[in-house]
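Asks: Test case, fold it:
(2 chains)
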Amino acid sequence: MFKQFITTLDGNEIYMLGSLFIFFAFFIIATIALIRMKKKHTDYMSSLPFETENRDIN
Amino acid sequence: MQPDKFYYDNKIVRDFAIATIIWGIIGMTVGLLIATQLFNPALNLGNQYTSFGRIRPLHTNAVIFAFVGNAIFMGVYYSLQRLLKARMFSDALSKIHFWGWQLIIISAVITLPLGLTTSHEYAELEWPIDIAITIIWVVFGVNMFGTIFKRREKHLYVAIWFYIATFVTIAVLHIVNSFELPISAFKSYYLFAGVQDALVQWWYGHNAVAFFLTTPYLGMMYYFLPKMANRPIYSYRLSILHFWALIFIYIWAGPHHLLYTSLPGWAQSLGVAFSIMLIAPSWGGMINGLLTLRGAWDKVRDDVTLKFMVVALTAYGMATFEGPLLSLKSVNAIAHFTDWIVAHVHVGALGWNGFLTFGVMYWLIPRIYKTELYSKKLASIHFWIGTLGILFYAIPLYWAGFTQGLMWKQFTAEGLLKYPNFLETVLRILPMYVMRSIGGTLYLVGVILMAYNLFKTMKAGKLVSNEAAEALPLVKSENEPKEFWHRKIERKPITMLLLSLVVILIGGMIEMIPTFFISSNVPTIASVKPYSPLELHGRDLYIREGCVNCHSQTIRPFRSETERYGEYSKAGEFVYDHPFLWGSKRTGPDLQREGGKYSNAWHYNHLMDPRSMSPGSIMPAYDWLIDQKLDTTTTASKIKAMQTLGVPYPEGYANIANKDVDKQAKAIAANLMIDKIKVGNDKEIIAIIAYLQRLGTDIKNKH
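Replies: This is a model prediction of the structure:
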């Protein structure tokens, strides 16, 4: 199946490679950013749907 | 500091909930009717206003924009107020939004059966209604952002990002896919033609699924599921990743609806690549939802709302896994144009949208009425009958899709099509159509049980129209400490809006701009000429009757298709097609090379009674075309409009075009006389025969 797919690309490889690059770049940057995020903040954000009083977290 | 006292508006939530139920029942009933028409043509009810081609768009519009649309507004108006600790910005805007939206739906219910349609799938409504939609959508946006600006909670929860992305993207999609040139109060032509029109339509079509059926529902999932399970979302980090990845990647995937067509290959490749990537964010969302229930699965056993949510998320996972698979060219070659696609969208619509809506309503109605659900048992019955309905709907159609897709491609040892008669492949799957309508009936019965249950609940309680709440007002702190960049965005709604806009524009622009401006992408063909005025009228009748709902006009470059239909489609053949009419489903055969295949008399008899020419055919009869007079008063304005759009009719042709209408019509009527068919040359059927006989002949070898 993949062989057939690759042989029918004829000259359009750049689009496949480009999209692959965008895909990895996006997720690598996002992963780094998310790992650096503080737990205190994520806990606060995920508690927003619950009826809680305003809290100052700064 | 003293907390503010304020009230949540529950009345508007209740109103949208009632509209959701009523339109849901209506939309699904129309769906059931068209499902039965597919195995019993008599159920087209013998008149033009209820024939399949005209009311299939009514079904899709009703369930998407009326049922799901009202459910979105119900969910947004409930959760937004609570997440922002503020009443909706303006009660007046809420009311205008509600009644405006219902009026738009009613206008669809009136215009679609009348045959007033643009033919773009899920965007069939004509230009005046398009304008009304735009205005009401802006009202919704102002009301939402007004509420966001007066909020008492500094940070915007992830659900609200999804609502913002929904608002901005639907606005962009709707406006771009409504570039129409009006020629009368309810008729317009799309600015783009052929390949470009197809790209715009499926960029819209696919992202209507993404940003109307998916993102607002994900927003609702992120709010209501934690509330129901009484535990926070599994991973807030994952939700951030989910949000940005989903809106960025989704927008590129539209061209997977046009694989193997004459759309430039590079655009098809991009569509495929991004469709496959979509598995990542989609499943990220599903996993985030399901894992929210970790350690709370015992609740799922007792709590019917959670049961609905679990099936909704599972259906979402299945549909979003299947979608990328379907966009692989080798799978698409079999699945496209078959009932496989219909099954696929219904797993999403019935499972994801339907069940999530039901879950939210069972949870929300008792709360705003300060009472208990009338009958938990009835809700449980609804759950099971609905689940069975989905299975009975989807499985037969998957079967039908595989069967027919493979039959179309089957060759004999001698190298001939094994099933050269298209009808044979239809008759084989009729039992599946019967089964599907049973599944649909089960699902609808479930919805009616829910309506009764919720009505009883409303009767037992009393609506808390204005629910008291209190929260501390927001204070502007002067010195914000250094913080993570994304956290800043979470406080800035306009930045969020603009960022979402940028993210969704990238994909659309990269795919569309080269297709529009690089001429090598649509090579022209010298022998392709504009339609004659009579053919143009015939084409508009083809659009009015919704023929495109069952007949494609694009032949893919497979031997199985060129053997059956003729030469495969070239981009240059469609340059005068405002709008394109490629279609997305072959309930009947492709018609791109229909011209010259049969005699005029054959078409006459076939339109009058399809079963007289093709015994067993499921096509409805179009006998009114024989009685109705063709409206030639619009000829001049149609030609002028086409000239404005760049179709090269000679200058001044608009004023003399009716002479050519007359000439061509007389020739066809005279030809029909040879076969002893007496019909006035001013009848609509003459025009549609003229159009059908023209199809695909421009590049055909003339014998």
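
Asks: Now do the phi/psi pair for the one residue sitting closest to the centre of chain B.
Replies: With distances taken as Cα atoms, centre = their mean, the residue of chain B nearest its centroid is B:Tyr122 (3.7 Å). Phi and psi for B:Tyr122, reported as degrees, to the nearest 10, are phi 60, psi 10.

Asks: Centre of the chain to the one helix or strand B:Pro226 maps to, how far?
Replies: If you go by DSSP states H and E, B:Pro226 is part of helix B:215-229. Distance, stretch centre to chain centre, for helix B:215-229: 23 Å (Cα atoms, centre = their mean, to the nearest Å).

Asks: Now the element after it, going C-ward?
Replies: Taking DSSP H and E, what comes next after helix B:215-229 is helix B:236-250.

Asks: hmm, that next one in reach of chain A?
Replies: Yes. Using Cβ under 8 Å from any Cβ of the partner chain, helix B:236-250 reaches chain A at B:Tyr236, B:Arg237, B:Ile240, B:Leu241, B:Trp244, B:Ala245, B:Phe248. Where C-beta positions appear, they are placed from N, C-alpha and C, glycine not excepted.

Asks: picking up where we left off before, for the residue nearest to the centre of chain B, list the residues it contacts.
Replies: Listed by Cβ atoms under 8 Å, 6 or more residues apart in numbering or on different chains, the contact partners of B:Tyr122 are B:Thr60, B:Asn61, B:Ile64, B:Tyr204, B:Gly205, B:Ala208.

Asks: And for the second one, nearest residue in space, chain neighbours not counted?
Replies: Translated: B:Asn61. Among residues not flanking B:Asn61 along the chain, B:Ala108 sits closest, at 5.1 Å (Cβ to Cβ, 6 or more residues apart in numbering or on different chains).

Asks: now B:Asp130
Replies: B:Ser178 (4.3 Å).

Asks: what's the model's confidence in stretch B:29-44, averaged?
Replies: Here stretch B:29-44 scores 97 as its mean pLDDT.

Asks: What of stretch B:175-185?
Replies: On average, stretch B:175-185 scores 95.

Asks: and if you look at stretch B:134-151?
Replies: For stretch B:134-151, the per-residue pLDDT averages 96.

Asks: Contacts for it next, please.
Replies: Taking Cβ under 8 Å, 6+ apart as the rule, stretch B:134-151 contacts B:73, B:76, B:80-81, B:84-90, B:93-94, B:96-97, B:100-101, B:104, B:156, B:160, B:163-164, B:167, B:170-171, B:174-175, B:178, B:474, B:493, B:497.

Asks: list the buried ones in that stretch?
Replies: B:Ile136, B:Trp137, B:Val139, B:Phe140, B:Gly141, B:Asn143, B:Met144, B:Phe145, B:Thr147, B:Ile148, B:Lys150, B:Arg151 (16 or more other Cβ atoms under 10 Å in any protein chain shown).

Asks: The second one: helix or strand, and which one exactly?
Replies: The reference is to B:Trp137. helix B:127-149.

Asks: Can you show me the helices along the stretch 251-400 of chain B?
Replies: B:265-277, B:279-292, B:297-302, B:304-326, B:329-335, B:339-346, B:355-368, B:376-409 (DSSP state H, counting those that start in this stretch).

Asks: Quick one, which of those gets closest to chain A.
Replies: helix B:265-277 (3.9 Å; Cβ to the nearest Cβ).

Asks: which residues sit in contact with the residue nearest to B:Asp130?
Replies: B:Ala123, B:Trp127, B:Asp130, B:Thr134.

Asks: Any stretches of the stretch 351-500 of chain B with poor pLDDT?
Replies: Residue ranges of the stretch 351-500 of chain B with pLDDT under 70: B:477-484.

Asks: can you list the domains in chain B?
Replies: Chain B resolves into domains spanning B:9-509, B:533-699 when parsed by automatic domain parsing.

Asks: Take the ones you listed and write them to CSV, including distance to A:Leu48.
Replies: Shown next, in CSV, are those (distance: least, Cβ to Cβ, whole Å):
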stretch, distance to A:Leu48
domain B:9-509, 4
domain B:533-699, 41
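
Asks: ok, back up a step: kindly calculate the angle that the helix holding B:Pro226 makes with helix B:304-326.
Replies: In terms of direction (axes from the mean of the first three to the mean of the last three Cα atoms, to 10 degrees), helix B:215-229 departs from helix B:304-326 by 150 degrees.

Asks: related to what we said a few turns ago, and of the domains of chain B, who's closest to A:Met45?
Replies: For the domains of chain B, proximity to A:Met45 was assessed by Cβ to Cβ; domain B:9-509 is nearest, at 5.0 Å.

Asks: Between the two ends of that closest one, what distance do you get?
Replies: From its first residue to its last, domain B:9-509 covers 40 Å (Cα to Cα, to the nearest Å).

Asks: now the lowest-mean-pLDDT helix or strand in chain B, how far from the centre of its chain.
Replies: Using mean pLDDT, DSSP states H and E, the weakest-scoring helix or strand in chain B turns out to be helix B:485-489, at a mean of 77. Chain-centre distance of helix B:485-489: 34 Å, with Cα atoms, centre = their mean.

Asks: contacting residues around it?
Replies: So helix B:485-489 is contacted by A:Ala33, A:Met37, A:His41, B:His155, B:Ile240, B:Thr495, B:Met496, B:Leu499 (Cβ under 8 Å, 6+ apart).

Asks: what do you get for stretch B:270-280?
Replies: Outside stretch B:270-280, the residues touching it (Cβ under 8 Å, 6+ apart) are A:15-16, A:19-20, A:23, A:27, B:245-246, B:249-250, B:252-259, B:320-321, B:323-324, B:327-329, B:507, B:510-511.
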